[in-house]
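[1] Just a sequence and a predicted model for now, questions to come.
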Amino acid sequence: MKTISLIAVVILFVLPPDLPEILFADASTIPPGSLFRQSAARKLEREFAPCAESSEPTSQKCRQLSRVSFLLLDARTGTVLASQWPNPEAPIPLGSLVKPITALAYGERHQFRYPTHICRGAKSGCWLARGHGKVELTTAIEYSCNSYFRMLTAEMTSADIAPLAVSLGLRAPDPGASPIALAGIGVDWQNSPLRMAAAYLELVRRREQPGVRQIVAGMGQSAEHGTGAEVDRALGRADALVKTGTAPCTHAPRAPGDGFVIALMPASDPQILLMVREHGVPSTQAARTAGMMLRRIVE
Ligand SMILES: [Zn+2]
């Protein structure tokens, strides 16, 4: 007993007095409040403004930024703080960004019990040729596993999703929409980027609810090591919730596809939502751009 107290006393003197704060501090250094949200908007505008003024961007950085559309929302109020996105109200294909909506609609009809699935890659219709192996809902969101969502939507119809989609301000899938459209593959279920961003804010507000809990956990894991891993890498710490998507390009000049990212930060109590579309690149690359933009915001 004496030895234990002696060790405790020694440790108390050896450890710096502020260690508990260091150990238990939130990983995020972002101060909550409207000042941060306003300065985030100013920093992004400052980043894009010099390039927007020249119609023929010459620098490499401006050429890259010219491929980027973005919306920055106040996560508390849904207010658009900054945007560079022509017609953000117009519905376009958003790829796998619909997966969380589909997953929640499935849960509502199945007592929030989600199946486990073996993704066999190309053989089971996944974008990752070698497959994701054993997948449950959280990992399916983390890796945006098409095989899992093909399985989940095999028996679903538009009517299963319509009430939830509409309650979140989204469009219902067309009545004849195929199961793969409900899984976020193809162009048949289109949504306005602005409304999709707002729907994610509502999802994150419901993060303690069944189904949503696993989805939000999957978004945290996506930023750490899934399809959104470039976001945390650019930030230098695990501090975001991310969902990625790739969809056919809908604007000029045409490219095969555009990468989409929705990122909320900080992960524990989001202050801002950044939605990015990068022209002609896969979503994992768009995640890198979103991560760089978020890093600029917190710098
Ligand atoms: Zn897969």
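    Thanks, I have it. Residues are numbered from 1 along each chain as shown.
[2] longest helix of this protein?
    When every helix of the chain is counted residue by residue (DSSP state H), the longest turns out to be helix 34-53.
[3] Next secondary structure after that helix?
    On the C-terminal side of helix 34-53, the closest following helix or strand by DSSP states H and E is helix 60-65.
[4] ok, back up a step: show me what the longest helix of the chain packs onto, helices and strands only.
    Contact analysis of helix 34-53 by 3 or more CB pairs under 8 Å, 6 or more residues apart in numbering; DSSP states H and E lists helix 60-65, strand 68-74, strand 80-84, strand 272-279, helix 283-298 as its packing neighbours. Just so you know, the C-beta spots here come from the backbone N, C-alpha and C atoms, and that holds for glycine as well.
[5] relative to strand 68-74, how tilted is the shortest one?
    Counting by axes from the mean of the first three to the mean of the last three CA atoms, to 10 degrees, strand 80-84 points 180 degrees away from the direction of strand 68-74.
[6] how about strand 80-84: buried residues?
    80-84 (16 or more other CB atoms under 10 Å).
[7] Please enumerate the helices of the stretch 101-250 of the chain.
    Listed in chain order, the helices found in the stretch 101-250 of the chain under DSSP state H, counting those that start in this stretch are 137-142, 146-153, 158-167, 179-182, 193-205, 212-225, 229-235.
[8] what's the closest of these to the ion?
    Put simply, out of those the one that sits nearest the ion is helix 146-153, at 4.1 Å, with distance taken as CB to the ion.
[9] Contacts for that closest one, please.
    Identification of contacts with helix 146-153 by CB atoms under 8 Å, 6 or more residues apart in numbering yields 96, 99, 102-103, 106, 114-115, 117, 119-121, 124-127, 131-132, 135, 137, 140, 179-180, 182-185.
[10] now the longest helix of the chain, how far from the centre of its chain.
    Chain-centre distance of helix 34-53: 21 Å, with CA atoms, centre = their mean, to the nearest Å.
[11] Now do it against strand 272-279, angle only.
    Using the same axes, to 10 degrees, helix 34-53 lies at 20 degrees relative to strand 272-279.
[12] which residues touch helix 34-53?
    With contact meaning CB under 8 Å, 6+ apart, helix 34-53 is reached by 30, 57, 59, 61-62, 65-66, 70, 72, 74, 76, 81-82, 84, 271-272, 293, 296-297, 299.
[13] List the buried residues for that helix?
    Per 16+ other CB under 10 Å, helix 34-53 contains these buried residues: 37, 40-41, 43-44, 47-48, 51.
[14] Check stretch 85-92 too.
    Of the residues in stretch 85-92, those scored as buried under the neighbour-count criterion (16+ other CB under 10 Å) are 85, 88, 91-92.
[15] Contacts made by it with the rest, please.
    By CB under 8 Å, 6+ apart, the surrounding residues in contact with stretch 85-92 are 69-71, 171, 190-195, 247, 250-251, 275, 277.
[16] circling back: select, from the buried residues of strand 80-84, the two members most distant in space.
    Leu81 and Gln84 (12.0 Å; CB to CB).
[17] count of neighbours near the residue nearest to Met219 when sequence neighbours are not counted?
    Using CB to CB, 6 or more residues apart in numbering and skipping residues adjacent in sequence, the residue nearest Met219 is Leu241, 4.0 Å away. Applying the criterion other CB atoms under 10 Å, we find 28 residues in the vicinity of Leu241.
[18] list the contacts for Leu241?
    With CB under 8 Å, 6+ apart as the criterion, the residues that contact Leu241 are 204, 216, 219-220, 222-223, 263-265, 267, 270.
[19] ditto for Gly280
    Going by CB under 8 Å, 6+ apart, Gly280 touches 67, 249, 255-258.
[20] now, among those residues, which is nearest to the ion?
    For the contacts of Gly280, the nearest to the ion is Gly257 (18.0 Å; CB to the ion).
[21] any idea how far Met156 is from that closest one?
    As judged by CB to CB, to the nearest Å, Gly257 and Met156 stand 25 Å apart.
[22] out of those two, which sits in the more crowded spot?
    Met156 (19 against 16).
[23] how about the nearest residue to that one, chain neighbours excluded?
    When the adjacent residues along the chain are set aside, Met156 lies closest to Leu182, with 5.5 Å between them (CB to CB, 6+ apart).
[24] My guess is that neighbour contacts Glu155. True?
    No - with contact defined as CB atoms under 8 Å, Leu182 and Glu155 do not form a contacting pair (10.5 Å).
[25] burial measure for Gly259, as a count.
    Around Gly259 sit 28 other residues, with neighbours defined as other CB under 10 Å.
[26] Now do the contacts for it.
    For Gly259, the contacting residues are 244-246, 276-278, 281-287, taking CB under 8 Å, 6+ apart as the criterion.
[27] Quick one: neighbours of Ala172, just the number.
    Burial measure for Ala172: 15 neighbouring residues, criterion other CB under 10 Å.
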